[in-house]
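Participant: Sequence plus predicted model, see below.
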Amino acid sequence: MLHRVEGIVIRSMDYGESNKIVTLLTKTNGKAGVLVRGAKKVKSRHSSLAQPFTYGEYQYFRSQGLGTLNHGEIIESHHDLRMQLDLSAYASYAAELTDRILHDDEPTVFHFEQLKACLSALDEGKDPQIVIHLYEMRILTLAGYAPELEECISCGNRVGPFRLSAQGGGILCGRCVNRDPSAPVLGEGAYKLLRLFKGLDMRRLGSIAVKPETKQELKRVMRLLMDIQLGLQLKSRNFLDQLDKLV
């Protein structure tokens, strides 16, 4: 069967001497594995279509299993995301996270739009850490693990200061801290950003100026949420951590 889809390359691997196999996050057909013949050849007309983060229109044949690319047109190459080390690290993390959280043939229209907006925001020079934390919140929400941030998960109190219990899946007020003594205190700035992220579509992200100390706190609490709620071991995140140590 011939498929024609909009897709984003979220994974690309060599296959044989001259081919690549890409995993596309498609707008309508879920994830799709596609063989791109000759993609490793310098003069191949399909080589750019097999590059990570490429957004394009892909036409491929597939009866079952792996598809084979017939034709494609690039809509947005995201060249800078591959050329700049820090942006490549953030984009790789977003792509790997998306790949690991989604099952094959799972409906993906909203996931597709969110990843597309995430890569565009990175390409446009928006703060990559803020972009990625917003994307992480979108992933948590889409997976059904968004934290409760409006009221204490134990007693319903809406008056802070609060702690974030990643294990409990939300905030705890001062009276209920014994429910999770290890839960970190949320500063006002980090708490406001978490609430903003929970309800914000990636496509609506503007420029946000965040203090360095607030960004560090945000990173800590988002890591807790991602590790406890999803528990994924991602190579791209390990690389991001190594990159942070060099800065």
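Facilitator: Sure, I can see it. What you see is a predicted model; the values in this text were computed from it and never measured.
Participant: counting contacts, what elements does the lowest-mean-pLDDT helix or strand in the chain pack onto?
Facilitator: Here the helix or strand of the chain ranked lowest by mean pLDDT, DSSP states H and E is helix 235-246, holding a mean of 86. Applying 3 or more Cβ pairs under 8 Å, 6 or more residues apart in numbering; DSSP states H and E, one finds that helix 235-246 contacts helix 85-101. To be clear about C-beta, it is placed using only N, CA and C from the backbone, and glycine gets the same treatment.
Participant: Pull out the buried residues from whichever helix or strand comes after the helix it packs on.
Facilitator: The first helix or strand that comes after helix 85-101 along the chain, using DSSP states H and E, is helix 109-123. For helix 109-123, burial by neighbour count (16 or more other Cβ atoms under 10 Å) applies to 111, 112, 114, 115, 116, 117, 118, 119, 120, 121, 122, 123.
Participant: pLDDT score for the fourth one?
Facilitator: If I follow you right, that is residue 115. You'll see residue 115 listed with a pLDDT of 97.
Participant: and the gap between it and residue 153?
Facilitator: 30 Å (Cβ to Cβ, to the nearest Å).
Participant: do you know how far the residue nearest in space to the middle of the chain is from residue 137?
Facilitator: Most central in the chain under Cα atoms, centre = their mean is residue 94, positioned 3.0 Å from the mean C-alpha point. Taking Cβ to Cβ as the measure, residue 94 falls 12 Å from residue 137.
Participant: likewise residue 6?
Facilitator: Remark: distance between residue 6 and residue 137 (Cβ to Cβ) = 24 Å.
Participant: Looking at these two, which one has more neighbours?
Facilitator: Each of residue 6 and residue 137 has its neighbours counted (other Cβ atoms under 10 Å); residue 137 has more, 24 against 17.
Participant: Give me the nearest residue to the more buried one, chain neighbours excluded.
Facilitator: In space, and not counting its chain neighbours, residue 137 is closest to residue 197: 4.1 Å by Cβ to Cβ, 6 or more residues apart in numbering.
Participant: wouldn't the one you found be in contact with residue 134 here?
Facilitator: Yes: because the distance of 4.9 Å satisfies Cβ atoms under 8 Å, residue 197 is recorded as touching residue 134.
Participant: higher neighbour count, those two?
Facilitator: Using other Cβ under 10 Å, the more surrounded residue of residue 197 and residue 134 is residue 134, with 27 against 24.
Participant: residues touching the more buried one, list them.
Facilitator: Residue 134 sits next to 118, 197, 200, 202, 205 when contact means Cβ atoms under 8 Å, 6 or more residues apart in numbering.
Participant: try it again with 6 Å
Facilitator: By Cβ atoms under 6 Å, 6 or more residues apart in numbering, the residues touching residue 134 are residue 197.
Participant: One more: residue 41?
Facilitator: Applying Cβ under 6 Å, 6+ apart, we find residue 41 in contact with residue 18.
Participant: part of a strand, is it?
Facilitator: No: assessed with DSSP: H, G, I helix; E, B strand; the rest coil, residue 41 is coil; it does not lie in a strand.
Participant: Next, it: phi, psi?
Facilitator: As for residue 41, its main-chain torsions (degrees, to the nearest 10) stand at phi -80, psi 140.
Participant: Could you chop the protein up by domain?
Facilitator: The chain breaks down by automatic domain parsing into domains covering 2-77, 80-147+163-246.
Participant: Would you mark the buried spots in stretch 215-231?
Facilitator: 215, 217, 218, 221, 222, 224, 225, 226, 229, 230.
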